[in-house]
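Asker: All I have is the shape, not the residue letters:
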Ligand SMILES: [Zn+2]
């Protein structure tokens, strides 16, 4: 559908842009056309970003010219805080780091930030540039997606659409498999049609790669970029940006609509520099939307106190219940495996699914238990540092591997159409209530097989196991498990 651009500022911005590019004359128009094209490129590159000199395209004289024209904002990469009497404390502008342990010195005595060094070193004396000229004009937005939202999705979509432009926060608490991407479309369309800039931030590059083609298809007229470590879109301008949370460190005051996927996921919850990155990338008037299936306790507290508006989506897109995990006592399974035996309860569970020709997802608490189980069963295993991880998951997805053993690395994001799920040692500390809920959420995702088997093999019930089942029961009854 085509929407008229309701924002008069949009044309005002274009006029201002025209004004600046025609009034630059004495300096800029005196430049040869190639230089002017470069300047225009620099403006598109820099708009909404905050970058060190080495990441700004163009020559030193281009930069100097833009500086003279007051089109650039300069900020020191590291600023002194002077908090302690005997030594200078610092703040890193890019990642917000202020901890003394987060800084160290080069042999020449200059200080640099250690926390964001993976994106290039920020050293005392470095400058970060951002754009203060007019933003590139937005193209008209069109939503080409022709699917229909389920009643539950419609509820979430309506709440998000209403939040756009209000400058508020809103949380969507949706069960795994609710179909949250489609739920975002109406809000994105509204925001893009207003000429705004939007970002979807997610903790993992896999998700960026999965979302990018879907959004390009849904919004064919919009400039969309996907940013992650090593992405080729790094220098392109995006009206809609899909990025790993880390990449937001390259933006400042850029986005009017900020959507944070899996707000409860590692590393976002534990890394304050990522939360800082999100706050910096948002414009002060931005609307912020959080998506999660398993909110952290801190978020739940805000929901109970009604300081964060939220919408609960307790139904999957196909309308069926979440499979309720079955509990199966397994005894000291580690000891049995050390003796070279697959615990009998697990063996018969595996055999019954093998006979029926179903694929099986086996979660284990550690890399060593994954290796042990591979040795005993012959089934392949994946873990965080496994170089063949992607290939193995793809083979499992395609049905070439009947059983896949994994650590909690695959607790999120991976969707296998018809997999049965088991957790071995569900009582291990690594399986928190939210980890177990995410794992159980891998099962029954397709409409053709919504009722899958989820079994927690344990050596004693834990609070996490009980909380996970309570969550699933509450959601199946349409209640928020607060
Ligand atoms: Zn830093």
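Answerer: Yes, it's here. Computed from a prediction, not measured in an experiment: that's the story for all the values here.

Asker: okay, which residue is most central for the protein?
Answerer: The structure's the chain has its C-alpha centroid closest to residue 202; by C-alpha atoms, centre = their mean the separation is 0.6 Å.

Asker: just so I have it, where are all the strands in the stretch 201-350 of the chain?
Answerer: For the stretch 201-350 of the chain, the strands defined by DSSP state E, counting those that start in this stretch cover 224-227, 240-244, 255-260, 282-292, 310-313, 326-329.

Asker: Ignore what I typed, I meant the stretch 1-150 of the chain.
Answerer: Assigned by DSSP E, counting those that start in this stretch, the strands in the stretch 1-150 of the chain fall at 50-52, 72-76, 78-80, 90-92, 103-105, 111-113, 127-131.

Asker: which of these sits most buried?
Answerer: Per-stretch averages of neighbours, counted by mean count of other C-beta atoms under 10 Å, single out strand 90-92 among these, with a mean of 23. Placement of C-beta: from N, CA and C, glycine included.

Asker: mean confidence score for it?
Answerer: For strand 90-92, mean pLDDT is 93.

Asker: For that strand, name the packing helices and strands.
Answerer: On a contact count with 3 or more C-beta pairs under 8 Å, 6 or more residues apart in numbering; DSSP states H and E, strand 90-92 meets strand 78-80, strand 111-113.

Asker: could you redo the last one with a cut-off of 10 Å?
Answerer: Using 3 or more C-beta pairs under 10 Å, 6 or more residues apart in numbering; DSSP states H and E as the contact definition, the elements that strand 90-92 packs against are strand 72-76, strand 78-80, strand 103-105, strand 111-113.

Asker: what's the residue nearest to the centre of the chain in contact with, if anything?
Answerer: When the contact criterion is C-beta atoms under 10 Å, 6 or more residues apart in numbering, the partners of residue 202 are 208, 210-211, 228, 242-245, 259-262, 265, 268, 291, 413.

Asker: quick one: which of the residues you listed is most hemmed in?
Answerer: Per-residue neighbour counts (other C-beta atoms under 10 Å) across those peak at residue 242, which has 29 neighbours.

Asker: do you know how far that one is from residue 204?
Answerer: 12 Å (C-beta to C-beta, to the nearest Å).

Asker: which residues do these two both contact?
Answerer: The contact lists of residue 242 and residue 204 share 210, 228, 261, where a contact means C-beta under 10 Å, 6+ apart.

Asker: Any idea which of those residues the model trusts least?
Answerer: Across the shared contacts of residue 242 and residue 204, no position has a lower pLDDT than residue 210, which has 88.

Asker: My guess is that residue contacts residue 181. True?
Answerer: Yes - the pair residue 210 / residue 181 is scored as a contact, 8.9 Å apart, by C-beta atoms under 10 Å.

Asker: And the residue nearest to residue 388 when sequence neighbours are not counted, how close does it get to the ion?
Answerer: If the residues on either side of it in the chain are set aside, residue 388 comes closest to residue 382, at 7.6 Å by C-beta to C-beta, 6 or more residues apart in numbering. Taking C-beta to the ion, to the nearest Å as the measure, residue 382 falls 32 Å from the ion.
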